[in-house]
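Novice: Here is a sequence together with a model predicted from it:
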Amino acid sequence: MKRKINLFMSLLALAACLVTFVSTLVVSYQTALTRMETETFRQASLVAAGLEEILELPADELRRYLEAVGNSDSSRVTLIQSDGTVLFDSSHDSSQMENHLERPEVQEALNSGEGTSIRVSATLGRQTYYAAIQLSSGEILRLSNTTDIVTSDLQRAVPALVLIILVICGLSVWLAHRLTRRLVAPINNLQLEGTENNNVYEEISPLLSKLGNQHAQIEQQIDELRQRQMEFDAITSNMSEGIIVCDADLQILSVNHAAVRLLGATQRDWKQESLVVFSRDPKFNQQARAAAAGEKVYYAMQNAEGAHLQIYFSPVDGENRTRGCVVLIVDVSERYAAEQSRREFTGNVSHELKTPLTSISGYAEMISTGLAQPDDVRGFAEKIHDEAGRLITLVDDIMKLSRLDESSPAELPFEPVELYQLAQDTVERLKQLAEKQKVELSLAGSAVTVRGVRQMLEEAIFNLGENAIKYNQEGGHVRITVGVTPEGAQVRVTDDGMGIDPNDLAHIFERFYRADKSHSQKVSGTGLGLAIVKHVCEIHGGVVRVESKPGKGSEFTMRLPIARL
Ligand code: ADP
């Protein structure tokens with residue numbers, strides 16, 4: 001706009017200068033011509049008056065007078081008889097000149113005493129002004145001047161005039177430039193925030209206030225959009241599921257960290273990049289294309305780290321066509337592992353149940369078929385009783401575990417449970433076993449209350465205490481300590497028993513895992529006790545840790561959040 005105004009004003013200034021120049025020339029020419037005409041006529045009158053005085057003199061005297069006049073002045077002097085015969089001409093030989101009766105100025109002078117005319121001279125061939133006056137003798141005195149005088153005067157003035165015009169042009173262009181700058185400056189400095197502060201032209205005030213309103217509206221909409229974008233980013237960035245939003249050409253509009261991590265893409269800004277570059281998996285891209293074409297598709301895959309992913313592609317419908325697609329990536333590894341462990345658990349349960357049942361069936365068969373000697377029957381019945389007892393314990397533990405599997409913390413009857421008291425009760429229950437094993441059992445620490453299910457927590461402490469006694473030797477010690485640590489409430493069960501081999505340590509919390517197989521033969525157990533402890537801790541928002549040295553002893557620590565009373 002600035003350039004246009006500048007150009008327009010400069011052209012205007014140049015045009016004004018040109019018009020001034022031309023009109024100055026025309027006016028000057030006209031003025032000079034009029035002056036020349038007046039002057040010619042005045043000279044003619046003077047010469048005529050002089051002639052009147054000497055009309056009586058002989059013709060030679062008159063001729064000398066006229067020659068003197070003709071020589072002293074640039075004007076041409078002609079004396080014409082009333083019949084048109086040229087008697088004298090200061091520029092030409094009068095005898096050679098044609099009859100001048102028909103000349104307009106001559107005709108006019110014959111009629112009214114004086115006459116003027118401007119035309120191209122037949123004698124000189126140039127534009128000439130004539131002034132004719134009739135003398136008292138009837139002859140006509142004519143003075144003439146060519147317009148060359150006027151034009152030559154003007155020609156002399158032209159360079160100066162051109163110079164002046166050029167200076168004016170330069171000045172005008174400079175002024176136009178400055179004026180444009182001053183004109184445009186307030187517009188350039190317009191501020192759309194707070195339009196009332198703009199001290200600009202009154203004429204554009206309505207436009208400004210309209211612009212200001214629109215600006216405020218746009219700002220508000222941008223703020224809202226920004227807010228929504230922030231909300232969307234906050235939600236998606238904290239999601240453990242991956243989410244990708246693409247347009248119809250599969251250009252990424254939004255992608256969260258989880259999606260980048262789960263699909264193994266490099267951590268960088270993927271916005272406006274193609275989904276095909278984001279994931280090189282041909283199946284993934286094929287499904288994405290199908291979703292962008294309006295199809296709802298789903299498939300499962302395993303990523304490079306072995307995580308099991310379920311990927312859902314949903315088209316985003318526009319007015320008449322699909323406008324893009326949303327990809328949701330869910331890591332189902334945990335669920336997959338849980339299903340796997342449930343399958344394994346079922347297998348293990350069947351296997352574990354089968355062993356005592358096979359024994360029971362065997363002994364019972366021997367008794368029923370009479371194969372067993374009457375003396376052995378009592379022993380076989382005891383074995384059947386033991387195996388049945390093992391079976392009951394096993395079924396008991398399996399039921400406890402499956403109850404734990406099914407229950408979610410929200411559904412459980414949580415209550416404040418004081419752990420020291422609970423440990424004391426457990427110690428009472430374990431006393432008999434400890435005495436039988438000749439192991440010294442002690443309790444120390446202070447009261448601490450957690451929120452939980454009493455029965456479950458007691459079961460966990462019991463299992464740890466029972467193991468510490470079971471996997472110990474005569475004269476061994478088991479110490480249960482209850483207390484508060486910066487990490488929460490703590491129950492620690494320490495023994496100086498056989499300890500656990502480092503290779504087994506990572507597995508002892510697995511279901512049905514029994515560390516030392518040969519030893520397990522001697523010590524009865526189901527391999528589910530520690531799995532129950534771990535599960536109980538997790539349900540209560542806590543953890544269980546173990547430290548152990550073979551031959552030296554073990555230390556199991558349960559940590560649980562302290563109840564806020
Ligand atoms: P189990 O019924 O066999 O005791 P658990 O799940 O309670 O099953 O324990 C798993 C395995 O961990 C046991 O078989 C045993 O080998 C080992 N273990 C547990 N507690 C101790 C301990 N205090 N000292 C040594 N080994 C232990």
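Specialist: Ah, there it is. From a predicted model like this one, the values you see are computed outputs, not experimental measurements.
Novice: so which strand or helix has residue 141?
Specialist: Applying DSSP states H and E as the criterion places residue 141 in strand 140-146.
Novice: Can you show me the CA trace of that strand as PDB?
Specialist: Extracted C-alpha coordinates of strand 140-146, given in PDB (Å, rounded to 0.1, in the frame of the first residue of the first chain):
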ATOM      1  CA  ILE A 140      -1.000  52.700 -45.800                       C
ATOM      2  CA  LEU A 141       1.900  52.300 -43.500                       C
ATOM      3  CA  ARG A 142       2.400  48.800 -42.400                       C
ATOM      4  CA  LEU A 143       4.800  47.500 -39.600                       C
ATOM      5  CA  SER A 144       5.200  43.800 -39.200                       C
ATOM      6  CA  ASN A 145       7.100  41.400 -36.800                       C
ATOM      7  CA  THR A 146       7.600  37.700 -37.100                       C
END
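Novice: Give me every residue in the protein that's in contact range of the ligand.
Specialist: With Cβ under 6 Å from any ligand atom as the criterion, the chain meets the ligand at residues 463, 467-468, 471, 495, 497-500, 508, 513-516, 520, 525-531, 554. Every residue, glycine included, has its C-beta placed from N, CA and C.
Novice: Let's see the distance spanning stretch 133-143 from one end to the other.
Specialist: Using Cα to Cα, to the nearest Å, one end of stretch 133-143 lies 9 Å from the other.
Novice: for the record, mean pLDDT for that stretch?
Specialist: For stretch 133-143, the mean pLDDT works out to 91.
Novice: Repeat that for stretch 454-466.
Specialist: Average pLDDT, stretch 454-466: 96.
Novice: before we move on, what about stretch 479-499?
Specialist: 96.
Novice: do the same with stretch 158-168
Specialist: Computed over stretch 158-168, the average pLDDT equals 87.
Novice: So for that stretch, what gets flagged as buried?
Specialist: Within stretch 158-168, the residues that count as buried by 16 or more other Cβ atoms under 10 Å are 161, 165, 168.
Novice: next one: stretch 538-547
Specialist: Applying 16+ other Cβ under 10 Å to stretch 538-547 flags 539-540, 542, 544, 546 as buried.
Novice: got the contact list for that stretch?
Specialist: 404, 407, 409, 412, 450-453, 456-457, 460, 488, 500, 505, 508-509, 530, 533-534, 537, 554-561 (Cβ atoms under 8 Å, 6 or more residues apart in numbering).
Novice: Repeat the analysis, applying 6 Å as the threshold.
Specialist: Here stretch 538-547 makes contact (Cβ atoms under 6 Å, 6 or more residues apart in numbering) with 409, 452, 533-534, 537, 555-561.
Novice: what do you get for stretch 29-43?
Specialist: If you take Cβ under 6 Å, 6+ apart as the criterion, stretch 29-43 is touched by 75, 129, 131, 143, 145, 150, 153-154.
Novice: okay, and for the stretch 401-550 of the chain, where does confidence drop off?
Specialist: 516-521 (pLDDT under 70).
Novice: Kindly recompute the last result at 90.
Specialist: For the stretch 401-550 of the chain, the stretches flagged by pLDDT under 90 are 401-413, 511-527.
Novice: Can you check the pLDDT for residue 380?
Specialist: Confidence score, pLDDT, at residue 380: 91.
Novice: just to revisit the earlier point, now, which of the residues of the chain next to the ligand lie within helices?
Specialist: 463, 467-468, 520, 529-531 (DSSP state H).
Novice: rewinding a little: out of the buried residues of stretch 538-547, which are inside strands?
Specialist: Judged by DSSP state E, the buried residues of stretch 538-547 include 544, 546 as members of strands.
Novice: elements contacting whichever helix or strand residue 480 is part of?
Specialist: Using DSSP H and E, residue 480 sits in strand 477-485. Counting contacts by 3 or more Cβ pairs under 6 Å, 6 or more residues apart in numbering; DSSP states H and E, strand 477-485 packs against helix 419-437, strand 440-445, strand 488-495.
Novice: and that strand with helix 419-437, angle?
Specialist: Using axes from the mean of the first three to the mean of the last three Cα atoms, to 10 degrees, the inter-axis angle of strand 477-485 relative to helix 419-437 is 170 degrees.
Novice: Could you pull out the buried residues of strand 477-485?
Specialist: 477-482.
Novice: Going through the contacts of stretch 29-43, which ones are buried?
Specialist: Among the contacts of stretch 29-43, those buried by neighbour count (16+ other Cβ under 10 Å) are 75, 129, 131, 143, 145, 150, 154.
Novice: What is the nearest of those residues to residue 52?
Specialist: The closest of the buried ones among the contacts of stretch 29-43 to residue 52 turns out to be residue 143 (Cβ to Cβ; 14.9 Å).
Novice: For that closest one, give me its contacts.
Specialist: Counting by Cβ under 6 Å, 6+ apart, residue 143 touches 40, 43-44, 75, 77, 131.
Novice: let's see it at 8 Å
Specialist: 40-41, 43-44, 47, 75-78, 130-131.
Novice: Mind checking which of those residues land in helices?
Specialist: Short answer: the contacts of residue 143 in helices (DSSP H) are 40-41, 43-44, 47.
Novice: Any idea how far the one helix or strand residue 181 maps to is from the middle of the chain?
Specialist: Assessed by DSSP H and E, residue 181 sits inside helix 148-188. Centre-to-centre, helix 148-188 and its host chain are 52 Å apart (Cα atoms, centre = their mean, to the nearest Å).
Novice: tilt between it and strand 140-146?
Specialist: 40 degrees.
Novice: list the helices and strands helix 148-188 packs on?
Specialist: Helices and strands touching helix 148-188, by 3 or more Cβ pairs under 8 Å, 6 or more residues apart in numbering; DSSP states H and E, are helix 2-53.
Novice: what is the rounded mean pLDDT of the helix it packs on?
Specialist: What helix 2-53 shows for mean pLDDT is 86.
Novice: burial count for the closest residue to residue 94 other than its chain neighbours?
Specialist: Ranked by Cβ to Cβ, 6 or more residues apart in numbering and with sequence neighbours excluded, the top spatial neighbour of residue 94 is residue 86, at 4.4 Å. Residues lying near residue 86 (other Cβ atoms under 10 Å) number 21.
Novice: what is residue 86 paired to in the beta sheet?
Specialist: residue 80 (DSSP bridges).
Novice: those strands in the stretch 251-400 of the chain, which residues are they?
Specialist: For the stretch 251-400 of the chain, the strands defined by DSSP state E, counting those that start in this stretch occupy 252-255, 297-302, 308-317, 322-331.
Novice: okay, those strands in a markdown table with mean neighbour count next?
Specialist: What follows is these, written out as a markdown table (neighbours: other Cβ atoms under 10 Å):
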| stretch | mean neighbour count |
| --- | --- |
| strand 252-255 | 18 |
| strand 297-302 | 14 |
| strand 308-317 | 18 |
| strand 322-331 | 19 |
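Novice: Tabulate these (TSV), appending mean pLDDT.
Specialist: Shown next, in TSV, are the strands of the stretch 251-400 of the chain (pLDDT from 0 to 100):
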stretch	mean pLDDT
strand 252-255	92
strand 297-302	92
strand 308-317	93
strand 322-331	92
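Novice: Save those strands as JSON lines, and put in distance to residue 245 too.
Specialist: Output for the strands of the stretch 251-400 of the chain, formatted as JSON lines (distance: least, Cβ to Cβ, whole Å):
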{"stretch": "strand 252-255", "distance to residue 245": "4"}
{"stretch": "strand 297-302", "distance to residue 245": "16"}
{"stretch": "strand 308-317", "distance to residue 245": "8"}
{"stretch": "strand 322-331", "distance to residue 245": "5"}
